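Student: I'll drop the sequence and a predicted model, then ask my questions.
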Amino acid sequence: MASFAQVIKDKGFVVTAELDPPRGVDLGALMDLAGRIGPKVDALVVSDNQGANLRQSPWWAAHRLAETTPAEVILTLTCRDRNRLALAGDILAAAASGVDNLLLVSGDFISLGDHPQAKPVYDLDSVQALMLASGLAQGRDLNGQDLIGAPGLCLGAVLAPEARPLAPQAIKMRKKLLAGAGFFITRPLSGPDALKAFLQEAGDPGAPLLAGVEARSSEGVSAAAEMAKAIRASGLARGLHLSASGEPETLAGLVEACAG
Amino acid sequence: MIVAERKPFAEIAQAVSGYRRVLVVGCGTCVAVCLAGGEKEAGILAAQLDLAGQLAGRDQRFATACVERQCDREFLAELDAAAREHDALLSLACGAGVQFLAERHPSLPVLAGLNTTFIGVNQDVGVWDERCRACRDCLLSLTGGVCPLTMCPKGMVNGPCGGAVDGRCETDPERDCAWTVIHARLSASDRLANLEALVPPRDHSRASLPGRQTHAAYLRRYSSHG
């Protein structure tokens, strides 16, 4: 499978879309949606207990999507729900199942979701998760011990251009690059100006950056599509990452408007 | 210091309800300072329990004692005689003190009257704030004297998460983002370079067993303690 890195390299501009696994066992709706939008985007990003709310673990949907859609599949893994052993094990299992693109994130804090009583893990932070995955790709675990069969991985990280203050975010971006990030996806943006301001402060991200564009409702699709168009025209990003707060029809509409 | 707060009265009353003669044991150091378990609080609690017992028609008597520190055998020894005359001990020490008292009186029920909350500082009259998680691997020299493991809910050690809004934490808009404060401190003291290096994963093996430390000088002098 060509990794997402190759796709970014080959194409001038890429579009990804975010899918949330179901709060149950039935993958039908997710697969239906993927069937509709998969052919129109370059990659599908499967979220991981999005917003610290219980969902089916993303590796299964990621694996099924990798088998059935033409798009690349990017598996999100949070540090919130896994220690370093679980992260490494899940990364190896994902790679073994044909999913070698990862988005490694710290994860929304546990108190923001539907299980606020749970113990947050954060054994690693997102930078350290990238260090871990970079090591696995080179055939060794965090303790330097050899793997039997190393995964080929394409590693992604998240940027928050609208977090304030910006200066610490810029440092974090440099660390993520240093730790092995091969692409960046931003949190949903309010507009191209926010991205421009971030890049002015943070400098060249050093890896392809996909701008987050979110439609929160079907009414918001046209505004989001306009923003996507403006971001594309600005030349500030190498692609778009589309999301729709878990609303399938909204996502389908946004994909249609931006990548159709 | 160690900060603690008294458990809800109903929980304490329930815990002691089966015992006739109960000794409420205060602790005169940290928990006395934070007004949770000192001599005064032990006296108040004993009086309240007395009243509640009488109202419930129970034949119960509550006496009080207070030692300098329940985490020190030297002081616990003062209680030995009194403890033997009671059916249960209600300790108002931190969790360490309760356990040390229980260890000394293995055949007596030793009950906890406080919830130990954190290691913290006295912020204002009657206000304490957490500052340390006792992680055994202090990062404070690197992080501008602000502990990211304690002050950042995610314990991020390589910089902020993406959730800071106007310098406030995504978990609570009333709280400063620890990394915003760290960045500001290091900027003010011209140490921002501290933040550029990757901080490797932490070694939690140090914290996975109950700790013990022995002072080297005492080890040399009393080698049997080593």
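Tutor: Everything's here; your move.

Student: What is the burial count for the residue in chain A that chain B sits nearest to?
Tutor: Closest to chain B within chain A is A:Ala160: 2.7 Å, counting by C-beta to the nearest C-beta. All C-beta atoms are positioned from the backbone trio N, CA, C, and that covers glycine. Applying other C-beta atoms under 10 Å in any protein chain shown, we find 22 residues neighbouring A:Ala160.

Student: Which strands and helices lie in contact with the one helix or strand B:Asp129 maps to?
Tutor: For B:Asp129, the host element (DSSP states H and E) is strand B:127-132. Under the contact criterion of 3 or more C-beta pairs under 8 Å, 6 or more residues apart in numbering or on different chains; DSSP states H and E, strand B:127-132 touches strand B:114-124, helix B:148-151.

Student: ok, back up a step: and the residue of chain A closest to chain B, what does it touch?
Tutor: For A:Ala160, the contact set (C-beta atoms under 8 Å, 6 or more residues apart in numbering or on different chains) comprises A:169, A:186-187, B:161-164.

Student: one more time with 10 Å
Tutor: A:166, A:169, A:172-173, A:186-188, A:198, A:212, B:160-165, B:170 (C-beta atoms under 10 Å, 6 or more residues apart in numbering or on different chains).

Student: among the residues you listed, which ones are buried?
Tutor: A:166, A:169, A:172-173, A:186-188, A:198, A:212, B:160-164, B:170 (16 or more other C-beta atoms under 10 Å in any protein chain shown).

Student: coming back round to it: out of the contacts of A:Ala160, list just those in strands.
Tutor: Among these, the subset assigned to strands under DSSP state E consists of A:186-188, A:212.

Student: Including pLDDT and distance to chain B, could those residues go into a markdown table?
Tutor: A markdown table is the format used below for the ones in strands among the contacts of A:Ala160 (pLDDT from 0 to 100; distance: C-beta to the nearest C-beta, whole Å):
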| residue | pLDDT | distance to chain B |
| --- | --- | --- |
| A:Thr186 | 98 | 9 |
| A:Arg187 | 97 | 6 |
| A:Pro188 | 97 | 11 |
| A:Gly212 | 98 | 11 |
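
Student: hmm, which two among those are most spread apart?
Tutor: Based on C-beta to C-beta, the longest span within these runs between A:Thr186 and A:Pro188 and measures 7.7 Å.

Student: what do those two both touch?
Tutor: In contact with both A:Thr186 and A:Pro188: A:160-162, A:194, A:211-213, A:241, using C-beta under 10 Å, 6+ apart.

Student: how about the helices in the stretch 51-200 of chain A?
Tutor: Assigned by DSSP state H, counting those that start in this stretch, the stretch 51-200 of chain A shows helices spanning A:58-68, A:84-96, A:126-137, A:167-178, A:192-202.

Student: So which of those is the most surrounded?
Tutor: Neighbour counts (mean count of other C-beta atoms under 10 Å in any protein chain shown) averaged over each of the helices of the stretch 51-200 of chain A peak at helix A:126-137, with a mean of 24.

Student: Show me what that one is packed up against.
Tutor: When contacts are defined as 3 or more C-beta pairs under 10 Å, 6 or more residues apart in numbering or on different chains; DSSP states H and E, helix A:126-137 sits against strand A:72-78, helix A:84-96, strand A:101-105, strand A:154-159, helix A:167-178.

Student: Now render the ones you listed as JSON lines, adding mean pLDDT.
Tutor: Listed next are the helices and strands packed on helix A:126-137 as JSON lines, based on pLDDT from 0 to 100:
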{"stretch": "strand A:72-78", "mean pLDDT": "98"}
{"stretch": "helix A:84-96", "mean pLDDT": "98"}
{"stretch": "strand A:101-105", "mean pLDDT": "98"}
{"stretch": "strand A:154-159", "mean pLDDT": "98"}
{"stretch": "helix A:167-178", "mean pLDDT": "97"}
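
Student: With distance to B:Trp179 as added columns, please give the ones you listed in JSON lines.
Tutor: Listed next are the helices and strands packed on helix A:126-137 as JSON lines, based on distance: least, C-beta to C-beta, whole Å:
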{"stretch": "strand A:72-78", "distance to B:Trp179": "18"}
{"stretch": "helix A:84-96", "distance to B:Trp179": "21"}
{"stretch": "strand A:101-105", "distance to B:Trp179": "16"}
{"stretch": "strand A:154-159", "distance to B:Trp179": "15"}
{"stretch": "helix A:167-178", "distance to B:Trp179": "5"}
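
Student: Tell me which of these lies nearest to B:Pro201.
Tutor: Comparing those by C-beta to C-beta, helix A:84-96 comes nearest, at 6.1 Å.

Student: quick one: is the closest one near chain B?
Tutor: Yes: for helix A:84-96 and chain B, the contact criterion (C-beta under 10 Å from any C-beta of the partner chain) is met by A:Arg84.

Student: Any regions of the chain where pLDDT drops low?
Tutor: Chain wasn't specified; assuming chain A. Within chain A, the ranges that satisfy pLDDT under 70 run A:1-2, A:260.

Student: my bad, the chain I had in mind was chain B
Tutor: For chain B, the ranges with pLDDT under 70 are B:223-226.

Student: tell me the domain ranges of it?
Tutor: Listed by automatic domain parsing, the domain ranges of chain B are B:2-118, B:135-199.

Student: quick one, strands of chain B?
Tutor: Assignment of strands within chain B using DSSP E yields the ranges B:2-6, B:21-27, B:61-67, B:88-91, B:110-112, B:114-124, B:127-132, B:168-169, B:172-176.

Student: Contacts only, for A:Lys119.
Tutor: Taking C-beta under 10 Å, 6+ apart, we find A:Lys119 in contact with A:81, A:110.

Student: ok, back up a step: now for the domains of chain B, which one comes closest to A:Gly135?
Tutor: Using C-beta to C-beta, these put domain B:135-199 closest to A:Gly135, at 12.1 Å.

Student: Quote the end-to-end distance of the closest one.
Tutor: 16 Å (C-alpha to C-alpha, to the nearest Å).

Student: do the same with stretch A:148-155
Tutor: Termini of stretch A:148-155 sit 20 Å apart (C-alpha to C-alpha).

Student: hmm, who's touching it?
Tutor: Contacting residues not belonging to stretch A:148-155 are listed as A:1-8, A:43, A:72, A:74, A:91-96, A:99-104, A:129-130, A:133-140, A:176, A:179-183, A:207 [C-beta under 10 Å, 6+ apart].

Student: ok and the residue in chain B nearest chain A?
Tutor: B:Gly162 (2.7 Å).

Student: about what we covered before: what strands flank the strand holding B:Asp129, and is each parallel or antiparallel?
Tutor: strand B:114-124 (antiparallel) (DSSP bridges).
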